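>>> Prediction below, plus the sequence it came from.
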Amino acid sequence: KINNAGGIGNLFGKKDNSSDIVQETETQTQKEEKETKEVVWIEDKEPESKEVNYKVPDDVEFPYYIMVNRAANCVTVYGIDEDGKYSIPVKAFAASCGREGEETITGEGYTTTDKYVWRLMVDGTYGHYAFRIDGGYLFHSVPYLTDSNDSLETEEYNKLGSFASLGCVRMCVRDVYWLYDNCPAGTKVDIYDNASNPGPLGKPDSIKIPTDSKYANWDPTDPDEDNPWNDYSAEIKGAKDITTKVGEKVDLLKGVTATDTCGNDISDDIITVGKYTFDKAGEYDIKYEVTDAIGSKAVEKIVLKVT
């Protein structure tokens with residue numbers, strides 16, 4: 001006997017919708033997966049400052065000790081700690097020690113003495129802010145043709161960071177003036193060789209002056225108020241708002257360039273700062289930053305629009 005309670009169609013004619021249900025479920029799942037796709041965030045942070053926070057202790061006659069790494073052409077200045085030891089690296093400067101045949105002396109415990117705003121050198125040039133290490137060996141600027149700030153030997157300046165001097169320790173004006181101003185006569189100096197390790201703070205880069213620049217006879221770091229380089233700085237060009245679609249990544253640095261104070265290309269040094277994603281619609285603030293070898297910093301802001 002056939003039970004027709006459910007209708008004859010239950011046996012012969014009713015369509016099975018289970019496959020449709022499965023298909024619908026799969027479609028809905030795919031939709032949910034798309035909507036809940038993991039959002040990958042990119043966070044480009046500000047680089048950590050390399051500035052050392054050091055306060056000269058009270059009643060210390062000689063707050064610094066100068067270490068010259070001759071082999072690396074790098075000068076590191078150490079501050080004194082609470083135990084009276086010179087253990088705190090405070091400043092690092094690029095330098096030019098003596099070239100082959102005119103090598104800078106090495107040794108420990110040299111005692112600095114005389115200081116000169118301008119000093120006539122053995123080859124007839126002048127050193128700015130000269131500071132005697134021992135005998136005929138001094139810290140001083142890159143040579144000038146005369147005792148005037150606008151007579152810099154540009155080609156010699158562009159050798160900073162490599163062997164170039166007649167035995168003295170050359171530095172840019174800003175850096176040698178720091179020694180001249182902060183280290184009293186009597187400050188101790190060690191000169192040593194370690195080509196593989198310039199020092200705990202590393203070796204700073206040096207800016208290059210285009211020899212065809214109309215201001216090539218000035219040191220860009222010279223704090224003199226008449227320095228024409230004071231009107232120039234690092235610069236970023238090509239920064240503008242960017243629009244893209246969700247899931248479509250773009251190169252934030254495409255078309256963005258940078259130059260340093262002297263006009264040299266430093267585009268490879270540009271960094272981005274900001275938190276953003278290409279996986280979610282929104283507007284994200286991005287900063288482009290670049291700092292040149294003499295500390296001039298440029299910043300440009302854009303908005304990344306993901307639609």
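The structure has been received and is ready for your questions. Numbering: from 1, shown residues only.

>>> could you pull out the helices for the stretch 151-300 of the chain?
Along the stretch 151-300 of the chain, the segments classed as helices by DSSP state H, counting those that start in this stretch run 154-157, 173-182.

>>> List the buried residues for the longest one?
Put plainly, it is helix 173-182. Using 16 or more other Cβ atoms under 10 Å as the test for burial, helix 173-182 gives 173-180. (Glycine included, C-beta is placed from N, CA and C.)

>>> out of the helices of the stretch 151-300 of the chain, nearest to F93?
helix 173-182 (4.1 Å; Cβ to Cβ).

>>> That closest one - contacts with which helices or strands?
Helices and strands touching helix 173-182, by 3 or more Cβ pairs under 8 Å, 6 or more residues apart in numbering; DSSP states H and E, are strand 74-80, strand 86-94, strand 126-134, strand 137-141.

>>> ok, now with 6 Å
Secondary structure elements in contact with helix 173-182, counted by 3 or more Cβ pairs under 6 Å, 6 or more residues apart in numbering; DSSP states H and E, are strand 126-134, strand 137-141.

>>> On the pLDDT front, check Q23 for me.
Reading off the confidence values, Q23 has pLDDT 53.

>>> what does D269 give?
Turning to D269, the model gives it a pLDDT of 97.

>>> So, low pLDDT: which residues of the stretch 101-250 of the chain?
Using pLDDT under 70 as the threshold, the predicted model of the stretch 101-250 of the chain has no low-confidence range.

>>> just the strands in it please.
107-111, 115-120, 126-134, 137-141, 169-171, 188-192, 235-237, 242-244 (DSSP state E, counting those that start in this stretch).

>>> how far does stretch 169-181 sit from the chain's center?
Centre-to-centre, stretch 169-181 and its host chain are 20 Å apart (Cα atoms, centre = their mean, to the nearest Å).

>>> same thing with stretch 258-268?
Counting by Cα atoms, centre = their mean, stretch 258-268 comes out at 13 Å from the chain centroid.

>>> Could you give the separation between the terminal residues of it?
In stretch 258-268, first residue to last residue: 8 Å (Cα to Cα, to the nearest Å).

>>> And stretch 61-75, by the same measure?
21 Å.

>>> List the buried residues of it.
63-75.

>>> nearest to T291, of those residues?
T291 lies nearest to C74 out of these, by Cβ to Cβ, at 19.3 Å.

>>> dump the residue contacts of the closest one.
Applying Cβ atoms under 6 Å, 6 or more residues apart in numbering to C74 gives the contacts 198-199, 203.

>>> Any chance of JSON lines for those residues, columns neighbour count and distance to D59?
Listed next are the contacts of C74 as JSON lines, based on neighbours: other Cβ atoms under 10 Å; distance: Cβ to Cβ, whole Å:
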{"residue": "P198", "neighbour count": "20", "distance to D59": "32"}
{"residue": "G199", "neighbour count": "19", "distance to D59": "28"}
{"residue": "K203", "neighbour count": "19", "distance to D59": "33"}
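
>>> still on that earlier bit, with distance to Y116 as new columns, can the helices of the stretch 151-300 of the chain be given to me in TSV?
Output for the helices of the stretch 151-300 of the chain, formatted as TSV (distance: least, Cβ to Cβ, whole Å):
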stretch	distance to Y116
helix 154-157	19
helix 173-182	9
